[in-house]
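*Asks:* Give me the fold of what follows.
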Amino acid sequence: MNAKMQALFDARAEIVKALAHPTRLYIVDELAKGERCVCELREGIGADISTVSKHLSVLKNAGIVEDDKRGLQVFYRLRCPCILNFFGCIENVLQENAKKHMALVG
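*Replies:* Coordinates of the predicted model:
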């Protein structure tokens with residue numbers, strides 16, 4: 001593999017790593033419905049502000065979300081809503097795995 005391809009795969013891995021946590025998946029799912037302030041996300045997650053902020057920071061550093069500070073509140077939105085296509089693909093894999101499992105047990 002050449003250096004250019006390695007850099008591409010490394011960049012892809014960073015994005016996938018940023019998504020590789022249930023809380024961050026929840027955040028992306030919530031932001032798919034529209035922008036949210038940190039306080040709204042905190043309520044849904046049931047964690048303290050610093051924990052939610054850390055998760056948001058990981059997503060922001062990966063380029064998945066962007067923020068907008070308004071007064072004392074920070075609002076987040078998906079930077080690239082096409083990430084939801086990836087989730088659709090994951091759901092298809094889950095369905096296929098379930099079918100395979102049912103065929104093996106059934």
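*Asks:* Below-threshold pLDDT in this structure: ranges please.
*Replies:* Applying pLDDT under 70 to the chain flags the ranges 106.
*Asks:* which other helices and strands contact the longest helix along it?
*Replies:* Determined from DSSP state H, the single longest helix within the chain is helix 83-105. Contacts defined by 3 or more CB pairs under 8 Å, 6 or more residues apart in numbering; DSSP states H and E place helix 83-105 against helix 22-31. Every residue, glycine included, has its C-beta placed from N, CA and C.
*Asks:* in the helix it packs on, what counts as buried?
*Replies:* Within helix 22-31, the residues scored as buried using 16 or more other CB atoms under 10 Å are 23, 24, 27, 28, 30, 31.
*Asks:* Ok, stretch 47-59 next?
*Replies:* Buried, per 16+ other CB under 10 Å, within stretch 47-59: 52, 53, 55, 56, 58, 59.
*Asks:* Need the contact partners of it.
*Replies:* 18-19, 21, 23-24, 27-28, 38-39, 41-42, 45, 65, 67, 76 (CB atoms under 8 Å, 6 or more residues apart in numbering).
*Asks:* That's all I had, so thanks and see you.
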